[in-house]
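Asks: Generate coordinates for the sequence data below:
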Amino acid sequence: MKRTIIKIDEASCNGCGLCVNGCHEGALQLIDGKAVLVSELYCDGLGACIGECPQGAITLEEREAEPYDEIAVMERISEKGERVIAAHLKHLKDHGEDALLQIGLDYLRENNIKLHPNFAEMQIAKHDHAGSGCPGSRQMSFSPTPSMRAKGERQPSTLAQWPIQLHLLSPHAPYLQQADLLLAADCVAYAAGNFHADYLQGKRLAIACPKLDTNKEVYIEKLTAMIDDARINTITVMIMEVPCCSGLLQLAQTALNRAKRKIPMKLIEVSLQGEILSDEWM
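Replies: Residues are numbered from 1 along each chain as shown. Predicted structure coming up:
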């Protein structure tokens, strides 16, 4: 995928190693007296190392690179101690990377890793569901209410994560790991009256409009990363019968063709009145 990542001018690098110390994620090493980017997975592209370089040998560029993997970074730095962990998370907070910060905090909770309260950086813990980021795009994972179908009772939601719009979703969110993905056109849930109980339950959701949404190449890159990096199990594409909606299926097919892994994909087509016109594995 195309993203921002560091570029090192080898001729200007004097091998001082200050950038290596400044990269808590472990993306840089000194090799043969020069700083080298050893893993694109660990480079967040935020440029903390730039300020550490006295030679001006490090810049940022936009190019094709492996997607940054916050979970891989947390696994790597968790062995380096709480000072490094706290510095890394504060780095994310200072750069407004709320989604990545939430993934890091979730990793700490899920692995029962606690930082000493004496660290000034522990103010990041207060960010958990507050902070300066947009509340509408903050990542959350939660347990849906069990389905109730008795007459007269409210049908509860089976939604199990937030956000759901594909532009806002991080392909490396913990709740996507080995999940079954439902990729639904925006209008589907309004047409299919039993959307939650019959189609969403047990799946993670991404919604998009292939006609109105912009920058669809990003959608393809995210879906490809979900297949290869999050290792999702299946994709169910749910679209309306209108011709423009088939574009969502094309996006999913393109991502599946680009991905290294091959996973099953199902197509469900819904009529304007909510009837299921087709429901088949492709």
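Asks: show me the residues around the residue minimising distance to the centre of the chain that make contact.
Replies: Using C-alpha atoms, centre = their mean, the residue of the chain that lies closest to the mean C-alpha position is S170, 1.8 Å off. Counting by C-beta atoms under 8 Å, 6 or more residues apart in numbering, S170 touches 99-100, 103, 139, 176. The C-beta positions use only the backbone N, C-alpha and C, and glycine is treated the same way.
Asks: same check, this time on K34
Replies: Residues near K34 by C-beta under 8 Å, 6+ apart: 8, 10, 13, 15.
Asks: and which of these is nearest L272?
Replies: Comparing those against L272 with C-beta to C-beta picks out I8 as the nearest, at 55.2 Å.
Asks: from memory the closest one sits against Q55, does it?
Replies: No. In this structure I8 lies outside contact range of Q55 using C-beta atoms under 8 Å: 10.2 Å.
Asks: which of those two has more neighbours?
Replies: Neighbour count, other C-beta atoms under 10 Å: between I8 and Q55, I8 has more, with 18 against 15.
Asks: pLDDT value on that one, please?
Replies: Predicted confidence (pLDDT) for I8: 93.
Asks: same thing with N233?
Replies: Per-residue confidence (pLDDT) for N233: 96.
Asks: contacting residues for it?
Replies: Applying C-beta under 8 Å, 6+ apart, the residues near N233 are 178-180, 263-264.
Asks: Please apply the same query to N111.
Replies: Going by C-beta under 8 Å, 6+ apart, N111 touches S78.
Asks: which residues sit in contact with the nearest residue to R204 once chain neighbours are set aside?
Replies: In space, not counting the residues next to it along the chain, R204 is nearest to A179; the distance is 4.4 Å by C-beta to C-beta, 6 or more residues apart in numbering. Contacts were defined as C-beta under 8 Å, 6+ apart; by that measure A179 touches 203-204, 230, 232-233.
Asks: quick one: A179 and N233, what's the gap?
Replies: A179 sits at a distance of 7 Å from N233 (criterion: C-beta to C-beta, to the nearest Å).
Asks: do W162 as well
Replies: For W162, the distance to N233 equals 21 Å [C-beta to C-beta].
Asks: Sort out for me which of the contacts of S170 are in helices.
Replies: 99-100, 103 (DSSP state H).
Asks: Give me the pLDDT value at L30.
Replies: The predicted structure scores L30 at 89 on the pLDDT scale.
Asks: Check K222 too.
Replies: At K222 the predicted local confidence, pLDDT, stands at 92.
Asks: tell me the contacts of it?
Replies: 166, 169, 171.
Asks: ok, so of the residues you listed, who is nearest P210?
Replies: Top of the list for closeness to P210, among the contacts of K222 and by C-beta to C-beta, is L166 at 10.4 Å.
Asks: Looks like the closest one contacts A208 (just checking).
Replies: Yes. With contact defined as C-beta under 8 Å, L166 counts as touching A208 (4.3 Å).
Asks: Now do the shared contacts for those two.
Replies: Between them, L166 and A208 have 183, 219 as joint contacts when contacts are counted by C-beta under 8 Å, 6+ apart.
Asks: which stretches of this structure form helices?
Replies: 18-22, 70-77, 82-94, 98-110, 188-191, 216-228, 246-258.
Asks: Give me the below-cutoff pLDDT ranges for the stretch 151-282 of the chain.
Replies: Across the stretch 151-282 of the chain, the stretches falling below the confidence threshold (pLDDT under 70) are 151-153.
Asks: quick one: buried residues of stretch 240-257?
Replies: Of the residues in stretch 240-257, those with enough neighbours to count as buried (16 or more other C-beta atoms under 10 Å) are 240, 245-249, 251-256.
Asks: who's in contact with that stretch?
Replies: Counting by C-beta under 8 Å, 6+ apart, the neighbours of stretch 240-257 from elsewhere in the structure are 183, 185, 187-188, 191, 208-211, 216, 219-221, 223-224, 226-227, 235, 237, 239, 262-263, 265, 267, 269-272, 277.
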